[in-house]
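Asker: below are the sequence and a predicted model; questions follow.
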Amino acid sequence: MPTEYSLSEIADRIGGEVRGDGSIRIARVRDLATAGPGDLSFLSNERYRPLLGRTRASAAIVGAREEAPCATIRVADPYLGLCRALELFHPSALPRAPGLHPSAVVDPTASVSPKAHVGPLCVIEARARIEAGVVLRASVFVGEGSTIGEGSYLYPGVVVREGVRIGRRVILHSGVVLGGDGFGYAREGRAHRKIPQVGGVGIGDDVEIGANATVDRGALEDTRIGRGTKIDNLVMVAHNVVVGEDCLLVAQTGISGSAKVGDRVTLGGQVGVVGHITIGDGATAGAQAGVTRPVPADAVVAGTPARAFGEMRRVWAAQQRLPGLLERFAALEEKVRALEARAEDPGPAAPPPSRPR
Amino acid sequence: MPTEYSLSEIADRIGGEVRGDGSIRIARVRDLATAGPGDLSFLSNERYRPLLGRTRASAAIVGAREEAPCATIRVADPYLGLCRALELFHPSALPRAPGLHPSAVVDPTASVSPKAHVGPLCVIEARARIEAGVVLRASVFVGEGSTIGEGSYLYPGVVVREGVRIGRRVILHSGVVLGGDGFGYAREGRAHRKIPQVGGVGIGDDVEIGANATVDRGALEDTRIGRGTKIDNLVMVAHNVVVGEDCLLVAQTGISGSAKVGDRVTLGGQVGVVGHITIGDGATAGAQAGVTRPVPADAVVAGTPARAFGEMRRVWAAQQRLPGLLERFAALEEKVRALEARAEDPGPAAPPPSRPR
Amino acid sequence: MPTEYSLSEIADRIGGEVRGDGSIRIARVRDLATAGPGDLSFLSNERYRPLLGRTRASAAIVGAREEAPCATIRVADPYLGLCRALELFHPSALPRAPGLHPSAVVDPTASVSPKAHVGPLCVIEARARIEAGVVLRASVFVGEGSTIGEGSYLYPGVVVREGVRIGRRVILHSGVVLGGDGFGYAREGRAHRKIPQVGGVGIGDDVEIGANATVDRGALEDTRIGRGTKIDNLVMVAHNVVVGEDCLLVAQTGISGSAKVGDRVTLGGQVGVVGHITIGDGATAGAQAGVTRPVPADAVVAGTPARAFGEMRRVWAAQQRLPGLLERFAALEEKVRALEARAEDPGPAAPPPSRPR
């Protein structure tokens, strides 16, 4: 049975101002289209404004000066308000009692905090360290000597290879693989000879990594993901990559070996970044961009090969006109040919016969 | 030892007409290049027609009016005919006897049908429901309160997080993750604050999802995949997406949050769809398309940003001519400059000296 | 405690020539930026040449005729030299003693070499064969009748479905799925009817496959990966594909059904290859290429739709000039219109009034 809060209590917790009846009881949060009586909803995307006018929700979190047919909580940033309201109703991921499930296979030399939860069928290898408050849900693998910092939460099926250091409050979703060997080979005649990948992986505090994403271990040094960076599903981070703090790497993006990504960088979905380049702090690459050259700080790039977004947008617009341009071009060439011919031989055409001299 | 059928028996089962000796014994189905005596083959792709003329197969499934050097079964749709013939020889995925493997970890509050097969090292959490005829092969995780409908088949290593409802006869391949958290954050200064993802996932009857694909749980409401839709390997379906019925989502495609995909939509491989847009019933996006705007029903789009396929094809063709166009353009500018100069100063050129006035 | 070698010993092992003091003791290999006293470094990428001049490493592996402020080992190919030096310091992946972990679930009809290592929570089904020197780390699944050749190494969480034949010294990283069903359906009205996928998968000797990559089983015949081919993370190889020997398939690349890839082919990251085409020996496709037509041997292609790299580069360069071209084109059309008008009506403009006849 979900907890209920009054609208005023919620407003207090999320730092907003109630318009309407603050005593309304709220049992849950739903989106504008599906919310009904007893529900709290929200408007944070202009696209959905028409839904606000006809929502059946009892209340909604909205921006300053927003009018609605229901009670509202006005906040500066409705999306952040939603976030805080949801934290109130859903205080955390499924909590787990501390302790080791009897089916887990834990090496005697591993150090597992008595305040950690180790679920069924987990494997913890020699000298690994699992700190207080860590949750390993089920079938999680932690390799030799790897460490999982306080309060981190690993969903079923995560693989952490040997030599990986994970910070505090890190969330790893199912199927994440940290510390797989980097893709490094030396040519030897026609064959590719594997270069031992002996670096590790370092994951900062408050990082979250989505389902089936992979972060390879470094060849010599560590591959590193900075504090607060969020990585979406099926992203690939290659060996020796260094990603800064508070970045967003959207789904299916790939970063090639030894690339350096600054702080607060956003890479849209399916972006590819070539190896050994630097992406400056605060830069953004649009979805599907192919980033082949260094990107300056705060730049916004798009397309393949990626260039400044404004430029790329003009190229895209121009491309649409390209087939027509080719036709007009051929017509213009014809006209110029005619003009040239006339210039060579102004003869009867200049002046035209129908025109009195 | 495989079962044998006579060609006539096969023709009866697949609804075709035998040409040649219907008593031929067929032991298996192979492709035209490798089939030999005792094998049944097929022609469904024009590309492989030359192979039909020289196949060593004893018989082949072909279209109406097709001639071949071997016995044939003529059907309206040879690919569907092949499908049915294969069903005859390979009646189902590896069948499994009902029962719980002793190494499975099943919460006492979970409801597991006695007619379900729960393989080794599976984990079934509290209040989950596993219906009759379900097969969980090995190391499958089913989270709290999730349900798996009749006859569904989950391959080794599938993860079904809490709050996921799976229909009947659903096939989930190894490494599929259903119900991972959506990628949702609110900005708070420079940091990204995780928005609790409290929706679920709903998977319709007869859906199939390929290896290592991921379908995230909704933020507030459910992410939904409609009945009969087939999803290929490594596809990413983000939170709140609603996919209709009988769609084909080819490998490595990504659909961003809150997008709505109609019925009978085909997204080619590596397609990207931005968030919050609608793709109409029956629409198709070509491989690697970047779909940035709504797509009308039955439209065929391609390219990035995606537009009508016919238009895009003209743009692609025109692009190839672009470097040559630039050269021709520069030459044309030169000619026009010369014509202008001549027009300003028709001098000795107009009239040409060799021509009497 | 790592083993130490003298610089001369290392030079002997990697086939290089020492310049400087060959008695220097080397404890490990690091990159130029982080190496310090007692470390060996290397220069194999021109990009990092400035770092060589100021490295604190005791020695470096360099090309012929290279000068450095530290001792050097000169070799013909520094990257290959690095590779061999690392092999000296890190002789293999974490070695594992032979034997079956008691938590592994092994069918009595499976054949497991007493010289194989079967880690915790592995599942080996009926009639599977695991040869000498094989390592199955943890939670590895090997399906009915599949075989794993001598010396192969499967990391935690690998899934090998039934009917898969894996050669010798193959490395499969965590999350790899071999033998998932191909994506094959026959249309039946509006619905898609699953075509039983009854082929297998064949993996040649010395193949390596990265984390969370998938290779589907063939529809009728086997999907095949040739000897020595290296596949990066999150790559998708569809049913019936045949990949040759010594190829490199970089991360997130997808190869559609029945495509044939020759020997020594390189597909850059995020490349897509359509079905049923052939890519010739030695060909290369640049990152994000969309390969829609056959590629001749040794060709280098790029872009979508992919064409010869040189051509594509000119197209990309021309595209950047396209918005400017449109403006210049409009201006030129205007000029031609003016010239035409003047040609029709040379009137006061020809000759210009300011000019004496």
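Answerer: All right, it came through fine.

Asker: quick check: closest non-adjacent residue to residue A:258.
Answerer: residue A:240 (4.3 Å; C-beta to C-beta, 6 or more residues apart in numbering or on different chains). C-betas here are computed from N, CA, C, even on glycine.

Asker: was I right about residue A:287 contacting residue A:268?
Answerer: Yes. The pair residue A:287 / residue A:268 is scored as a contact, 3.5 Å apart, by C-beta atoms under 8 Å.

Asker: anything in contact with each of the two?
Answerer: Listed contacts common to residue A:287 and residue A:268 are residue A:250; contacts here mean C-beta atoms under 8 Å, 6 or more residues apart in numbering or on different chains.

Asker: so which of the two has more stuff around it?
Answerer: Neighbours per residue, other C-beta atoms under 10 Å in any protein chain shown: of residue A:287 and residue A:268, the larger number sits with residue A:287, 25 against 22.

Asker: residues contacting the more buried one?
Answerer: Taking C-beta under 8 Å, 6+ apart, we find residue A:287 in contact with A:250, A:268-271, B:256, B:272, B:274, B:290.

Asker: swap in residue A:328?
Answerer: C:329, C:333.

Asker: do the same with residue A:293
Answerer: A:277, A:305-306.

Asker: neighbour-wise, which one of the residues you listed leads?
Answerer: In terms of neighbours by other C-beta under 10 Å, the contacts of residue A:293 top out with residue A:306 at 24 neighbours.

Asker: surely that one touches residue A:295?
Answerer: Yes. Under the criterion of C-beta under 8 Å, residue A:306 makes contact with residue A:295 at 7.4 Å.

Asker: show me the common contact partners of the two, please.
Answerer: Here residue A:306 and residue A:295 share the contacting residues residue A:285, scored by C-beta under 8 Å, 6+ apart.

Asker: CA atoms only for stretch A:118-138 - export them in PDB, please.
Answerer: Output in PDB follows, covering the C-alpha atoms of stretch A:118-138 (Å, rounded to 0.1, in the frame of the first residue of the first chain):
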ATOM      1  CA  VAL A 118      25.100 -10.300  -1.500                       C
ATOM      2  CA  GLY A 119      22.300 -11.900  -3.300                       C
ATOM      3  CA  PRO A 120      21.800 -15.400  -4.700                       C
ATOM      4  CA  LEU A 121      24.400 -16.900  -7.000                       C
ATOM      5  CA  CYS A 122      26.800 -14.000  -6.800                       C
ATOM      6  CA  VAL A 123      30.500 -14.800  -7.200                       C
ATOM      7  CA  ILE A 124      33.100 -12.700  -5.400                       C
ATOM      8  CA  GLU A 125      36.700 -13.600  -6.100                       C
ATOM      9  CA  ALA A 126      39.900 -13.400  -4.100                       C
ATOM     10  CA  ARG A 127      40.800 -10.100  -2.400                       C
ATOM     11  CA  ALA A 128      37.700  -8.300  -3.800                       C
ATOM     12  CA  ARG A 129      36.300  -5.700  -1.400                       C
ATOM     13  CA  ILE A 130      32.600  -5.000  -1.000                       C
ATOM     14  CA  GLU A 131      31.900  -2.000   1.200                       C
ATOM     15  CA  ALA A 132      29.000  -1.100   3.500                       C
ATOM     16  CA  GLY A 133      25.600  -0.600   2.100                       C
ATOM     17  CA  VAL A 134      26.500  -2.300  -1.200                       C
ATOM     18  CA  VAL A 135      23.800  -4.400  -2.900                       C
ATOM     19  CA  LEU A 136      24.700  -7.100  -5.300                       C
ATOM     20  CA  ARG A 137      21.300  -8.400  -6.500                       C
ATOM     21  CA  ALA A 138      21.800 -11.800  -8.000                       C
END
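
Asker: specify the local secondary structure of the residue nearest to residue A:258.
Answerer: Following DSSP: H, G, I helix; E, B strand; the rest coil, we place residue A:240 in the coil state.

Asker: that older thread, tell me the one of the contacts of residue A:287 nearest residue B:183?
Answerer: Using C-beta to C-beta, residue A:250 is the member of the contacts of residue A:287 that sits closest to residue B:183, with 6.9 Å.

Asker: correct me, but that closest one touches residue A:268?
Answerer: Yes. Using C-beta under 8 Å, residue A:250 is in contact with residue A:268, at 5.2 Å.

Asker: picking up where we left off before, between the contacts of residue A:287, which is nearest residue C:74?
Answerer: residue A:271 (39.8 Å).

Asker: so for the residue positioned nearest the centre of chain A, what pLDDT did the model give?
Answerer: Chain A has residue A:250 as the residue nearest its centroid, 2.9 Å off, counting by C-alpha atoms, centre = their mean. The model reports residue A:250 with a pLDDT of 98.

Asker: please name the nearest non-neighbouring residue to it.
Answerer: Excluding the flanking residues, the one nearest residue A:250 by C-beta to C-beta, 6+ apart is residue A:269, at 4.2 Å.

Asker: ditto for residue A:326
Answerer: Excluding the flanking residues, the one nearest residue A:326 by C-beta to C-beta, 6+ apart is residue B:318, at 5.3 Å.

Asker: and what of residue A:289?
Answerer: That would be residue A:306: by C-beta to C-beta, 6+ apart, it lies 4.3 Å from residue A:289.

Asker: for that neighbour, give its distance to residue B:154.
Answerer: 40 Å (C-beta to C-beta, to the nearest Å).

Asker: over to residue A:57?
Answerer: Counting by C-beta to C-beta, the gap from residue A:57 to residue B:154 is 37 Å.

Asker: equivalent analysis for residue A:124, please.
Answerer: Counting by C-beta to C-beta, the gap from residue A:124 to residue B:154 is 26 Å.

Asker: show me what counts as buried in the strand or helix carrying residue A:49.
Answerer: Assessed by DSSP states H and E, residue A:49 sits inside helix A:49-53. Using 16 or more other C-beta atoms under 10 Å in any protein chain shown as the burial criterion, the residues of helix A:49-53 that qualify are A:51-52.

Asker: run the chain-centre distance for it.
Answerer: A distance of 28 Å separates the centroid of the chain from that of helix A:49-53, by C-alpha atoms, centre = their mean, to the nearest Å.
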